[in-house]
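> A predicted structure for the sequence below; I have some questions about it.
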Number of protein chains: 2
Amino acid sequence: MIHELLLKHINKNAKFSKSEQEEFCKFFHTKAISKKEFLLEQGQICKFEGFVTKGCFRIFTIDKKGNENTLYFAAKDWWLMDIDSFMNHKPSELNMQALEDSEVLIITQKNKLSLYNTIPNAEKLFRIMFQKSIVAWQRRIIRNHSLTAKERYVHFITNYPEIASKLTDRQTSSYLGITHEFLSKIKKLS
Amino acid sequence: MIHELLLKHINKNAKFSKSEQEEFCKFFHTKAISKKEFLLEQGQICKFEGFVTKGCFRIFTIDKKGNENTLYFAAKDWWLMDIDSFMNHKPSELNMQALEDSEVLIITQKNKLSLYNTIPNAEKLFRIMFQKSIVAWQRRIIRNHSLTAKERYVHFITNYPEIASKLTDRQTSSYLGITHEFLSKIKKLS
DNA sequence: TATTGAAGTTGAACTTGTTCAACTATTTTC
DNA sequence: GAAAATAGTTGAACAAGTTCAACTTCAATA
């Protein structure tokens, strides 16, 4: 079944009845994105939330100096959205690009609203997921402040080896917040 | 009324009926913390969530190298909690210290659970609050990667002047992720 | 009011990370 | 399979930020 992975994921974070689970899945449809294609581009309004079932995405922004800044990677089993753009109907500052041929379960903005109305339990599910997400962002801030570039690199490849292996050095460095030249030098000296 | 500020805050994020609002407030009690006192110390389990009604707190961690790392400041109208410790009943890595004589509305862990049970709407409220929080954390990561220390400093004092004015340079620098000596040099050259 | 302690300042030497440019793989594309 | 584009490497000069130590200023306290 196509939504199997999604169900596994929500059952980790909430206790949905069988009927709720079925109902939940109906709000999502599958979307295939081929390598290098964009699910969202800077300037567009994000009208969906996505759950990756295959492949991997890079979520990044391009700053005023023209540098790419990778916010996060979304591999299988990860969510994918621009919360700010989605909530406030404003142009996104993010790009979501497939690193390889990928598949996403999409829920549209309209469906997200009726999801919360028809399955009140979904509020708790997303509340808990968002809490976990905050913890991860806080940890990342602290790592950025307390670790050197090399330490951050080692942390990344040891904690996310599957994702790291799919990336070019340029993509990795834009996630770590360093230049690709410096990443090259870091790797040499290890 | 003591909970006025809290009500104002929740009404920004949710539509509670009058009775829900009253009910909501009953779960909180006031706690006074004097300057330099700790609401939570590294190693303790965080058994509360707090909403600041007066004063200001600094939430920081001390890393392996012995450096203080300020995660955020919680002034009037801000929430205060260690989500990870609270959710997973594990020792906190955070310290929450009052920068001045302060007051917090506290909800205990038990009460938080029954809050969600008695006021299902509270799920939506916190879900939305957490979403907003994620947006703020993401923005901070991007600023850390794309701005220089001086640019981050200027951003901080222009966007949070009330908080910034209460801080020593050492506290500000530990939030920006730089040494206090360097902050001193930055300030001189502006 | 004197004393202590903590906070801010400054300089010099140092480390970390950047920039730019030239070069070498490695992929993509036609 | 050749050409073109993209990715990784290296070095030298540079800029950003740290460290340590000495000094000054300001607040807290006895």
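In hand now; what should we look at?
> report the longest helix in chain A, please.
In chain A, ranked by residue count with DSSP state H as the criterion, the top helix is helix A:121-146.
> give the contact list for A:M129.
Residues near A:M129 by CB atoms under 8 Å, 6 or more residues apart in numbering or on different chains: A:N13, A:W79. For glycine as for every other residue, the C-beta is placed from the backbone atoms N, C-alpha and C.
> mind running it again at 10 Å?
Counting by CB atoms under 10 Å, 6 or more residues apart in numbering or on different chains, A:M129 makes contact with A:H9, A:I10, A:K12, A:N13, A:A14, A:W79, B:R127, B:F130.
> What strand or helix carries the third one?
Just to be clear, that refers to A:K12. helix A:4-13 (DSSP states H and E).
> mind listing what's buried in the next helix or strand after that helix?
Moving toward the C-terminus from helix A:4-13, the next helix or strand (DSSP H and E) is helix A:18-26. Using 16 or more other CB atoms under 10 Å in any protein chain shown as the test for burial, helix A:18-26 gives A:E20, A:Q21, A:F24, A:C25.
> How confident is the prediction for the nearest residue to the second one once chain neighbours are set aside, by pLDDT?
Put plainly, it is A:Q21. Nearest residue to A:Q21, sequence neighbours excluded (CB to CB, 6 or more residues apart in numbering or on different chains): A:L7, at 5.7 Å. We note a pLDDT of 95 for A:L7 in this prediction.
> now do A:L147
97.
> quick one, what contacts the residue nearest to it when sequence neighbours are not counted?
Sequence neighbours aside, A:H155 is the residue nearest to A:L147 in space, at 6.8 Å (criterion: CB to CB, 6+ apart). Shown in contact with A:H155 (CB under 10 Å, 6+ apart): A:R139, A:R140, A:R143, A:L147, A:L176.
> Would you mind listing which of the residues you listed are buried?
For the contacts of A:H155, buried by 16+ other CB under 10 Å: A:R140, A:R143, A:L147, A:L176.
> Dump those to CSV, plus distance to DNA strand D.
Output for the buried ones among the contacts of A:H155, formatted as CSV (distance: CB to the nearest atom of the strand, whole Å):
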residue, distance to DNA strand D
A:R140, 17
A:R143, 14
A:L147, 12
A:L176, 13
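> Taking the contacts of A:H155 together, which two end up most distant?
Largest separation among the contacts of A:H155 by CB to CB: A:R139 and A:L176, giving 14.6 Å.
> Next one: A:R140 from chain B, what distance?
From A:R140 across to chain B, the span is 6 Å (CB to the nearest CB, to the nearest Å).
> remind me which residues of chain A are low pLDDT?
A:1, A:190 (pLDDT under 70).
> List the buried residues of the helix holding A:K12.
A:L5, A:L6, A:H9, A:I10.
> that older thread, so the residue nearest to A:Q21 makes contact with A:T53?
No. Under the criterion of CB atoms under 10 Å, A:L7 is not in contact with A:T53, lying 11.2 Å apart.
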